[in-house]
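below is the sequence, then the predicted model.
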Amino acid sequence: MMRRYIYLAAVVTVIVLVFYFGSMNDWFSINNNNNASVDSVTEATENRYKEMEIREYNGIRLDPSVGPRDNSISGIQQVDVNDYQLKVTGLVNNPVTFSYDQVLEKESFERLIILYCVEGWNARVLWKGVRIMDLIDDAGISEDAKVVIFHCADGYTTSIPLETIENKDMLLAYSSNGITLPESMGFPFIVVAEEKLGYKWARWVNEIELSNDVQYKGYWENLGYPNDANIGNN
Ligand SMILES: Nc1nc2c(c(=O)[nH]1)N[C@H]1C(S)=C(S)[C@@H](COP(=O)(O)O)O[C@H]1N2
Ligand SMILES: [Mo]
């Protein structure tokens, strides 16, 4: 009888030990996995920097201008600058069309601005571009224009009140972190929608339309995202 109890106790002890060390092992491997994924994220971030892209500005670290993954509605667009045109249309006195070079001839401005995406990532990037107002002024604004609708090569649209563009002196950028704007970031042009969520940062812009439709909803706005898109509202 006694032998049977000893045998049972031994079996139970072995089972307990197996579970104990087994779970410890799991615990270690979970930790190791965590370390591994932290490392691979860092490496992935590292890999996102393009050759020649500057990584620091006035002692402030810059993020890679290409985001962690592409969520564009129709993938990355390839725009040929040789037959590219940027149009200013709608409620203007005389619609104008700029070539890529004509946009680059305008006075340029450089600004360090963070892009916040609703998906939770952000990127601090040094942008260089022209004032959107300088492009619009060439067309002459009609008195009833209230909103600027940006149209893009992939059919994406988004809008920003004219007043906001004026007050913030918003830029249309052709360069990020010292290099030509990468294709994935909207080459040739991206709207630097300072203090607005990522979906206002129209990429591959090919038309700037002035409108009085203050209710206008772009692609993501139409799917329920707030039209003001202020950072912190989300
Ligand atoms: N033309 C165009 N511009 C666009 C988008 C798009 O799909 N098409 N996506 C917007 C969104 S939601 C964000 S967060 C930023 C950055 O897009 P990414 O997250 O795909 O890099 O670009 C914005 N501009
Ligand atoms: Mo986004």
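All right, it came through fine. Ligands and ions are numbered 1, 2, ... in the order given.

surely Val130 and Glu110 touch.
No: with contact defined as CB atoms under 8 Å, Val130 does not count as touching Glu110 (11.2 Å). For every residue, glycine as well, the C-beta is placed using N, CA and C.

tell me the contacts of whatever residue of the chain ends up closest to ligand 1?
Nearest to ligand 1, among the residues of the chain, is Gly198, at 2.5 Å (CB to the nearest ligand atom). Gly198 sits next to 115-119 when contact means CB atoms under 8 Å, 6 or more residues apart in numbering.

repeat that for Leu181.
Contacts for Leu181 (CB under 8 Å, 6+ apart) come out as 65, 173-175, 187-190.

could you redo the last one with a cut-off of 7 Å?
Going by CB atoms under 7 Å, 6 or more residues apart in numbering, Leu181 touches 173-175, 187-188, 190.

ditto for Leu171
By CB under 7 Å, 6+ apart, the contact list for Leu171 reads 109, 111, 127, 129-132, 192.

how about a cut-off of 6 Å?
109, 129, 192 (CB atoms under 6 Å, 6 or more residues apart in numbering).

more crowded one of Val130 and Glu110?
Val130 (20 against 13; other CB atoms under 10 Å).

name the SS class of the more buried one, please.
Classification of Val130 using DSSP: H, G, I helix; E, B strand; the rest coil returns strand.

who's in contact with it?
Val130 sits next to 103, 106, 172 when contact means CB under 6 Å, 6+ apart.

specify the beta-bridge partners of it.
For Val130, the beta-bridge partners are Leu172 (DSSP bridges).

measure it to Tyr225 for me?
27 Å (CB to CB, to the nearest Å).

Lys200 now?
Lys200 is 10 Å from Tyr225, by CB to CB.

compare those two and say which one has the larger neighbour count.
Higher neighbour count among Lys200 and Tyr225: Lys200, with 26 against 19, using other CB under 10 Å.

how many residues are close by the nearest residue to Gly186 once chain neighbours are set aside?
Using CB to CB, 6 or more residues apart in numbering and skipping the chain neighbours, the partner closest in space to Gly186 is Arg203 (2.6 Å). Residues lying near Arg203 (other CB under 10 Å) number 25.

the one 4 residues further on now?
As a burial measure, the neighbour count of Glu207 was computed by other CB under 10 Å and equals 19.

wait, what's in contact with it?
Contacts here follow CB under 6 Å, 6+ apart; on that basis Glu207 touches 87, 89, 151.

now Lys200
By CB under 6 Å, 6+ apart, the residues touching Lys200 are 158, 160, 193, 229.

measure the first one to Pro68 for me?
Spelled out, it's Thr158. For Thr158, the distance to Pro68 - CB to CB - is 21 Å.
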